[in-house]
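*Asks:* A structural model of the following input is requested.
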Amino acid sequence: MARRRKTRTHKPAAEDPALAAKSPKSFVIKSGTVGPSVAQLVRDIRKIMEPGTATRLRERASARLRDYLTMAPALNVTHLLVLTLSAVTSSLHLRLARLPAGPTLTFRIERYSLMKDLVNARTRNVGHAPGGEFRTPPLLVLSNFNQAPDAKPQPQLKLMSTMFQGMFPPIQIDKSALPSFRRVLLISYHAATHLVSLRHYTISVRPSGVSRRVRRVLDSTSSTARKPVDLGDDQDIADYLLRVKGAGGSSTSGSQGGYETGSETEGESETEGEGSGGEGQGSSKVELPADYVGRGNRKGTHRAVRLIEMGPRIEMRLVKVVEGIVGSLRGEGETVFHEFGESLFLFSFPLLFSLPRHRFYPPATSSSQKERIDLRPLFELCSSRSVALSSRLNSSR
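*Replies:* Got it, this is the predicted structure:
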């Protein structure tokens, strides 16, 4: 029997048809044989791309990349993200293609962490979002993608920033409501290591000027609380609210008898939040210009804003940029950028010439067959092609 869906209380958000037609849409798929960790990474990346992606897309084992390129125009898909695992080097690659004509950016993923890995690595409970944070696209923040004036020209930085910006709809301040900003996607470039770092956060808005225990009591009275506050070791509510962390409910040792002073309670509220280290966190306290999601987040109230990382966390390196799309009928086109630069083309083919000629033939071939499968003209053609391409790259720089 089909699963029943709630329609009265779970209505989809109203969207402008004109904006919906222009908003970017994407496919996030895996190609070839991958493990369960990479398959989970595909689902986590779909979470980032929501709501403009096919979340429940199921890849068939017999489906090819050309099949997705064929049905993409009918669904107004503008971007294609493909994760592949190399069988030779066991390296994970992410190909980001702009449909329908390209270009295609190939990244090599150096390391990654899944959503469940970040949740299990948290030292303390940071709470849960009110829900519905995946109904709107995230806020895209790009860092260090600007070209330094005295550095060597790197046109691939502008290409990467343009591709990342095109994956998400632009922000319209005059038409967007404050509750629609629920997530932040931070993509930063490290010039020293040439790595592109990706971080995914959710925006947490909590009361300011209230201690953590008071906030915990208030949250436990809501209908969505996971469990109530445990007061089994305390005589009354004052013992729970004023007790020093680590002291028992009936502890009377010390000058204060296991209780906090008023200044300590205020200090705890000022440094409340994950990653806080002192009183220098006052800049996170803002006055809400409009109503926001969550209990008591009304217009004009002072709230503490925190970013909680929800994952996934990816560090990748740009390897290759081609003009077309890999796997299309038109071909991938010419190589615009490569990680190894001119060395890939200027030294790979002369290395082939230095090898003995018998290395290019099968071991069990006759002399007449060796004359017919002479590969030297093919290598000479490829070498001239590589020199011409490298000269084009140098002239573009």
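
*Asks:* which parts of stretch 205-224 are buried?
*Replies:* Buried positions in stretch 205-224, judged by neighbour count with 16 or more other Cβ atoms under 10 Å: 205-208, 210-211, 213-214, 216-217, 219. Where you see a C-beta, it was placed from the backbone N, CA and C, and this is true even at glycine.

*Asks:* now that stretch - C-alpha only, PDB.
*Replies:* As requested, the backbone C-alpha atoms of stretch 205-224 are provided in PDB (Å, rounded to 0.1, in the frame of the first residue of the first chain):
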ATOM      1  CA  VAL A 205      19.100  31.300  16.700                       C
ATOM      2  CA  ARG A 206      18.900  31.000  20.500                       C
ATOM      3  CA  PRO A 207      17.900  33.300  23.400                       C
ATOM      4  CA  SER A 208      20.600  35.800  24.500                       C
ATOM      5  CA  GLY A 209      21.200  36.700  28.100                       C
ATOM      6  CA  VAL A 210      19.800  33.400  29.400                       C
ATOM      7  CA  SER A 211      21.800  30.700  31.000                       C
ATOM      8  CA  ARG A 212      22.100  27.300  29.400                       C
ATOM      9  CA  ARG A 213      20.100  25.600  32.200                       C
ATOM     10  CA  VAL A 214      17.200  28.100  31.900                       C
ATOM     11  CA  ARG A 215      17.100  27.600  28.200                       C
ATOM     12  CA  ARG A 216      17.100  23.800  28.700                       C
ATOM     13  CA  VAL A 217      14.100  24.100  31.000                       C
ATOM     14  CA  LEU A 218      12.200  26.200  28.600                       C
ATOM     15  CA  ASP A 219      12.900  23.900  25.700                       C
ATOM     16  CA  SER A 220      11.800  20.800  27.700                       C
ATOM     17  CA  THR A 221       8.200  22.300  28.000                       C
ATOM     18  CA  SER A 222       7.700  22.300  24.300                       C
ATOM     19  CA  SER A 223       5.900  19.500  22.500                       C
ATOM     20  CA  THR A 224       8.900  18.700  20.300                       C
END
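
*Asks:* would you map the helices across the protein?
*Replies:* Using DSSP state H, the helices of the chain run over 17-22, 36-49, 65-71, 115-120, 155-166, 212-220, 237-242, 262-270, 343-354, 367-372, 376-396.

*Asks:* tell me which other helices or strands the third one touches.
*Replies:* Other elements packing on helix 65-71 under the criterion 3 or more Cβ pairs under 8 Å, 6 or more residues apart in numbering; DSSP states H and E are strand 26-31, strand 79-85.

*Asks:* could you dump those strands to JSON lines with mean pLDDT?
*Replies:* Formatted as JSON lines, those follow (pLDDT from 0 to 100):
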{"stretch": "strand 26-31", "mean pLDDT": "92"}
{"stretch": "strand 79-85", "mean pLDDT": "93"}
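
*Asks:* dump these to CSV, plus mean neighbour count.
*Replies:* Output for these, formatted as CSV (neighbours: other Cβ atoms under 10 Å):
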stretch, mean neighbour count
strand 26-31, 21
strand 79-85, 21
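
*Asks:* adding distance to Asp234, write those strands out as CSV.
*Replies:* Formatted as CSV, the helices and strands packed on helix 65-71 follow (distance: least, Cβ to Cβ, whole Å):
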stretch, distance to Asp234
strand 26-31, 49
strand 79-85, 51
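
*Asks:* of all those, which lies closest to Gly300?
*Replies:* strand 26-31 (38.2 Å; Cβ to Cβ).

*Asks:* tell me, please, the helix or strand in this protein that averages the lowest pLDDT.
*Replies:* Lowest by mean pLDDT, DSSP states H and E among the helices and strands of the chain is helix 262-270, with a mean of 36.

*Asks:* about what we covered before: weakest of the helices of the chain by average pLDDT?
*Replies:* Among the helices of the chain, helix 262-270 carries the lowest mean pLDDT, at a mean of 36.

*Asks:* partner strands of the longest strand along the chain, with direction?
*Replies:* Identified as the longest strand of the chain according to DSSP state E is strand 195-207. Sheet pairing of strand 195-207 (DSSP bridges) gives strand 183-190 (antiparallel), strand 302-309 (antiparallel), strand 313-322 (antiparallel).
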